[in-house]
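Colleague: Model the structure of this input:
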Amino acid sequence: MISTVKEKRQPKALVRLTVSEEAEVQKREEKARRDLSVQRDWSRYLKEQDPDMRKRLLNRYLPLVRNVAGRMAINFPRSVELCDLINTGVIGLIEAFHNFDPDRGVKFETYAVPRIRGAILDELRSLDWVPRSTRARAREIERALLEFENMEGRPPSDAELAEQLNITVEDLQYSLEDVSKTALLSLDELIFREEDNRQVPRIETVEDENANTTLKKLERSELQAFLVSAIDRLTEQEKLVIALYYYEELTLKEIGEVMKISESRVSQIHTKAVLKLRGMVRERFGLS
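Modeller: Alright, predicted model coming up:
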């Protein structure tokens with residue numbers, strides 16, 4: 001005879017979270033609440049155009065400006081004041097706020113950061129705080145890097161680059177440190193900014209007035225696709241520095257700790273990588 005008595009199911013044991021897991025859950029819940037609050041504020045502002053709501057939203061994003069300006073200030077000379085960068089960044093934030101279209105499905109932070117950085121870079125360039133001799137040296141190294149790779153089919157070592165420039169390795173490293181002031185701007189100038197309601201690239205055109213017209217004709221997708229292939233031509237070490245600095249947003253000091261090399265060496269690697277990329281872009285789009 002088959003028993004019809006059902007076995008009693010044992011209650012499942014409760015899963016207990018660790019302290020760190022609980023903290024992570026709370027962090028995510030808090031972020032979700034903040035995001036929802038921001039969405040409501042945006043909806044109200046777009047519907048009513050309330051000046052007070054506009055001010056409230058802008059105040060929410062001021063820490064974003066401080067974060068962007070702070071990261072940039074770390075790599076600039078002491079003569080560049082953080083408060084000046086922040087003030088200029090706020091102008092970029094306001095412009096981004098007025099031009100932002102939520103219907104595009106992009107978070108405001110994602111939209112605003114390049115424009116905050118762009119406003120700061122534009123201001124620094126207008127001040128022309130990099131000496132002409134340093135800019136000239138940057139172009140010289142840039143050309144030497146490109147010429148060597150075109151001849152040998154590979155990037156040069158420091159010794160080979162120094163020989164190409166007819167200087168010592170020590171002088172090369174000193175030059176890279178000096179040129180780093182321009183290189184820290186250069187890759188950012190390959191990021192796009194809005195002009196006439198469309199995207200144009202921020203590439204330094206030196207003193208070629210016709211180059212600006214040429215640049216405005218470039219398609220964003222074309223330049224981006226080229227940059228992907230250009231970055232692939234960098235050394236593994238250079239790729240890592242570029243990835244950590246621009247994508248993971250680590251400082252040069254933090255990158256040095258990850259790679260177990262000095263901050264100055266990271267700066268040199270970054271400078272070489274950016275000069276290579278800038279040279280490739282110039283050559284590809286006829287800006288040499």
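
Colleague: only C-alpha atoms for contact and neighbour calcs from this point on.
Modeller: Will do.

Colleague: in this structure, which spans are strands?
Modeller: Secondary structure of the chain (DSSP state E): strands located at 192-195, 198-201.

Colleague: Can you tell me which of the ones you listed has the worst average pLDDT?
Modeller: The minimum mean pLDDT among the strands of the chain belongs to strand 198-201 (a mean of 38).

Colleague: From M53, how far out is the most centrally placed residue in the chain?
Modeller: The residue lying closest to the centre of the chain (CA atoms, centre = their mean) is Y246, at 4.2 Å. Counting by CA to CA, to the nearest Å, the gap between Y246 and M53 amounts to 33 Å.

Colleague: how near is R132 to S175?
Modeller: Taken as CA to CA, the span from R132 to S175 is 14 Å.

Colleague: Of the two, give the one with the bigger neighbour count.
Modeller: It is S175, of R132 and S175, that has more neighbours when counted by other CA atoms under 10 Å, with 17 against 10.

Colleague: Tell me how many other residues crowd the closest residue to the more buried one other than its chain neighbours.
Modeller: Residue nearest to S175 in three dimensions, not counting chain neighbours: R137, with 7.5 Å by CA to CA, 6 or more residues apart in numbering. By the measure other CA under 10 Å, the count of residues near R137 is 15.

Colleague: tell me the pLDDT at R137?
Modeller: 90.

Colleague: thought it was touching S180?
Modeller: No. Using CA atoms under 8 Å as the test, R137 is too far from S180 to be in contact (10.8 Å).

Colleague: low-confidence ranges in the protein?
Modeller: 1-15, 17, 19, 21-26, 29-37, 75, 77, 128-129, 181-221, 287-288 (pLDDT under 70).

Colleague: Domains in it, by residue range?
Modeller: 27-127, 132-284 (automatic domain parsing).

Colleague: what about the first one, how long is it end to end?
Modeller: End-to-end distance for domain 27-127: 42 Å, by CA to CA.

Colleague: can you tell me how far G89 sits from I141?
Modeller: Taking CA to CA, one finds G89 at 31 Å from I141.

Colleague: Compare the two (neighbour count), which wins?
Modeller: Shown here are G89 and I141; by other CA under 10 Å, G89 has more neighbours (27 against 24).

Colleague: excluding its backbone neighbours, what's nearest that one?
Modeller: I116 (4.9 Å).

Colleague: And for that neighbour, the neighbour number?
Modeller: 25.

Colleague: Show me the helices in the stretch 101-250 of the chain, by range?
Modeller: Using DSSP state H, counting those that start in this stretch, the helices found in the stretch 101-250 of the chain span residues 108-127, 132-152, 158-165, 169-186, 209-216, 220-231, 236-242.

Colleague: Please identify the most buried of the ones you listed.
Modeller: Most buried of those, by mean neighbour count (mean count of other CA atoms under 10 Å): helix 169-186, with a mean of 20.

Colleague: how about the closest residue to L62 other than its chain neighbours, what does it touch?
Modeller: In space, and not counting its chain neighbours, L62 is closest to V90: 7.3 Å by CA to CA, 6+ apart. By CA atoms under 8 Å, 6 or more residues apart in numbering, the contact list for V90 reads L62, V65, I116.

Colleague: Ignoring the adjacent residues along the chain, who's closest to the second one?
Modeller: If I follow you right, that is V65. G89 (5.8 Å).

Colleague: what's the distance between the one you found and I120?
Modeller: From G89 to I120 the distance is 6 Å (CA to CA).

Colleague: anything in contact with each of these two?
Modeller: A69.

Colleague: now the contacts of V90 as CSV including distance to Q224?
Modeller: Shown next, in CSV, are these (distance: CA to CA, whole Å):
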residue, distance to Q224
L62, 29
V65, 25
I116, 20
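
Colleague: Pick the one among these closest to G105.
Modeller: Closest approach to G105 among those (CA to CA): I116, at 19.5 Å.
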